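Trainee: sharing a model that was predicted from the sequence below.
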Number of protein chains: 2
Amino acid sequence: MTTQTTTLVNGVNVDQLVATVNAIQQDPALARFQFRAHNEWIAGGHTRTSIQGFYGAGKEDTSRSRPFILEGDEPPLLLGGNAGANAVETLLHALASCLAVGFIYNATAQGITVESLSFDLEGDLDLRAFLGLSKEVRPGYKEIHLSYRVKSNAPREKIVELCDYVQKTSPVLDIIRNPVPVTVTLDN
Amino acid sequence: MTTQTTTLVNGVNVDQLVATVNAIQQDPALARFQFRAHNEWIAGGHTRTSIQGFYGAGKEDTSRSRPFILEGDEPPLLLGGNAGANAVETLLHALASCLAVGFIYNATAQGITVESLSFDLEGDLDLRAFLGLSKEVRPGYKEIHLSYRVKSNAPREKIVELCDYVQKTSPVLDIIRNPVPVTVTLDN
């Protein structure tokens, strides 16, 4: 008979967290990931993205039996039908979920128990570039503001320190704050 | 008796498109938008985002009677439960849906009929920064590659020209290719 004990802190398997970090420390090639998405235009501003496989830790992941389906659309004010959040709204979701995962995983590694964690995000955007009405205004967000609330057993200064650290290591925050090269090719 | 004729090209209301561009050209303040998201951590890598209201065209939008709910999570390999696509995957969806909307709206404005449009995206990421194992490696995507396919009544050179233009005016592509300031505050 075998008994297995799983230690969960903040819903994270601590032993697996430590094992993952150790495995990648031993073999940095395991840290190479490739994420993917396929998007199909439906009509007007409505598109649909399928996300399923990715490469990581030296092999193709097969954990997802079906793709995640994400709908994108614009509100009627921007000529869409509200079939989904729009692209710049979805980007705010990506940012929040990235910071949340970073916060929770690092809290877990430090033995900090988190009771609740939430984020409010606001992004200011001038539509004139998108509409072809200005070349001075940038197309994207001028600025994003994010506020967060935490309930935890850790003192406030520890939380602030943790959040500062998470900001240095968050993939999506890095992508937003710093330039990423994007190559575009036409296939047909 | 009143008869209204709506001209739809690519599922986009052409008259509304022209009216929107003209209205903002007359009063650039109408181009100021603020988009928002609220994210709550559930457990482990699982978070949930609500997206509903936004400010734009001089007022609060009330077109959405319920919020869009977006789930974020990690795959088991990254200590999650696959409750949703992860943050960097969702970012690829945001990029594709942004480019698709830009492509379709600009095609519509130019009288180009699009039969189909799809995107495949790949993003290469080294996890060592996120895991605290390297300060040399960046946390975010090293590079994103995007390929697209179009069926349309326009010649190939017109499509390439349109895609080049869309890349200059896409909000999410700008956010990824160029730095955006992000401010973070702790509320409690």
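Mentor: It's in.

Trainee: start and end of stretch A:67-76, how far apart?
Mentor: The straight-line separation of the ends of stretch A:67-76 (Cα to Cα, to the nearest Å) is 28 Å.

Trainee: and it with chain B, contact?
Mentor: Yes - applying Cβ under 8 Å from any Cβ of the partner chain, one finds stretch A:67-76 touching chain B at A:68, A:70, A:72, A:74-76. Just so you know, the C-beta spots here come from the backbone N, C-alpha and C atoms, and that holds for glycine as well.

Trainee: angles on the backbone of the residue nearest to A:Gly132 when sequence neighbours are not counted, please.
Mentor: The spatially closest residue to A:Gly132, leaving aside those adjacent along the chain, is B:Thr169, at 6.4 Å (Cβ to Cβ, 6 or more residues apart in numbering or on different chains). Main-chain torsions, B:Thr169, degrees, to the nearest 10: phi -120, psi 0.

Trainee: I'd assumed B:Phe103 was in contact with B:Thr169.
Mentor: No - the criterion here is Cβ atoms under 8 Å, and B:Thr169 misses it with B:Phe103 at 10.4 Å.

Trainee: neighbour count for the two, which is higher?
Mentor: B:Phe103 (27 against 23; other Cβ atoms under 10 Å in any protein chain shown).

Trainee: list the contacts of that one.
Mentor: A:41, B:114, B:117, B:150, B:162-163, B:166 (Cβ atoms under 8 Å, 6 or more residues apart in numbering or on different chains).

Trainee: secondary structure class of it, three-state.
Mentor: Here B:Phe103 is helix, with the state taken from DSSP: H, G, I helix; E, B strand; the rest coil.

Trainee: and if you look at the one 3 residues further on?
Mentor: The three-state label for B:Asn106, taken from three-state DSSP, comes out as helix.

Trainee: tell me which of the residues of stretch A:67-76 next to chain B is nearest to chain B?
Mentor: A:Gly72 (3.1 Å; Cβ to the nearest Cβ).

Trainee: what helix or strand is the nearest residue in space to that closest one that is not next to it in sequence located in?
Mentor: Take A:Gly72 and drop its neighbours on the chain: the residue closest to it by Cβ to Cβ, 6+ apart is B:Ser97, 3.1 Å away. For B:Ser97, the host element (DSSP states H and E) is helix B:87-109.

Trainee: please save the CA atoms from that helix in CSV.
Mentor: Taking C-alpha atoms only, helix B:87-109 is exported to CSV below (Å, rounded to 0.1, in the frame of the first residue of the first chain):
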residue,chain,number,x,y,z
ALA,B,87,-2.2,34.6,-20.0
VAL,B,88,0.4,34.5,-22.8
GLU,B,89,-1.9,32.3,-24.9
THR,B,90,-4.8,34.8,-24.3
LEU,B,91,-2.5,37.6,-25.4
LEU,B,92,-2.1,35.8,-28.8
HIS,B,93,-5.9,35.8,-29.1
ALA,B,94,-6.0,39.5,-28.3
LEU,B,95,-3.4,40.2,-31.0
ALA,B,96,-5.2,38.1,-33.7
SER,B,97,-8.6,39.5,-32.9
CYS,B,98,-7.2,43.1,-33.1
LEU,B,99,-5.6,42.5,-36.4
ALA,B,100,-8.7,40.8,-37.8
VAL,B,101,-11.0,43.7,-36.8
GLY,B,102,-8.5,46.2,-38.3
PHE,B,103,-8.2,44.2,-41.5
ILE,B,104,-12.0,43.8,-41.9
TYR,B,105,-12.9,47.4,-41.1
ASN,B,106,-10.3,48.8,-43.4
ALA,B,107,-11.1,46.3,-46.2
THR,B,108,-14.7,47.4,-45.8
ALA,B,109,-13.8,51.1,-46.0
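
Trainee: quick one: low-confidence parts of chain A?
Mentor: Across chain A, the ranges flagged by pLDDT under 70 are A:1-2.

Trainee: all helices for it, in order.
Mentor: A:14-26, A:87-109, A:156-169, A:171-177 (DSSP state H).

Trainee: highest mean neighbour count across those, which stretch is it?
Mentor: helix A:87-109 (a mean of 27; mean count of other Cβ atoms under 10 Å in any protein chain shown).

Trainee: next one: stretch A:95-103 to chain centre, how far?
Mentor: Mean-position distance between stretch A:95-103 and its chain equals 6 Å (Cα atoms, centre = their mean, to the nearest Å).

Trainee: brain fart, stretch A:40-48
Mentor: Taking mean C-alpha positions (Cα atoms, centre = their mean), stretch A:40-48 and its chain are 22 Å apart.

Trainee: before we move on, what about stretch A:57-71?
Mentor: Distance, centroid of stretch A:57-71 to centroid of chain: 16 Å (Cα atoms, centre = their mean).

Trainee: same check on stretch A:152-166?
Mentor: 20 Å.

Trainee: is it positioned near chain B?
Mentor: Yes - using Cβ under 8 Å from any Cβ, we find that stretch A:152-166 touches chain B at A:156, A:159-160, A:163.

Trainee: ok, the nearest residue to A:Pro181 once chain neighbours are set aside - how many residues close by?
Mentor: Using Cβ to Cβ, 6+ apart and skipping residues adjacent in sequence, the residue nearest A:Pro181 is B:Glu143, 5.1 Å away. B:Glu143 has 12 neighbours, counted by other Cβ under 10 Å.

Trainee: for B:Glu143, list the residues it contacts.
Mentor: Taking Cβ under 8 Å, 6+ apart, one finds A:180-183, B:123-124 in contact with B:Glu143.

Trainee: CA atoms only: put stretch A:157-170 into CSV for me.
Mentor: Only the C-alpha atoms of stretch A:157-170 are listed here, as CSV (Å, rounded to 0.1, in the frame of the first residue of the first chain):
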residue,chain,number,x,y,z
GLU,A,157,5.3,45.4,3.4
LYS,A,158,5.8,41.8,2.5
ILE,A,159,2.9,42.0,0.0
VAL,A,160,4.3,45.1,-1.6
GLU,A,161,7.7,43.4,-1.9
LEU,A,162,6.1,40.4,-3.4
CYS,A,163,4.2,42.5,-5.9
ASP,A,164,7.4,44.4,-6.9
TYR,A,165,9.1,41.1,-7.5
VAL,A,166,6.2,39.7,-9.5
GLN,A,167,6.2,42.8,-11.8
LYS,A,168,9.9,42.0,-12.7
THR,A,169,9.1,38.4,-13.7
SER,A,170,5.6,38.6,-15.3
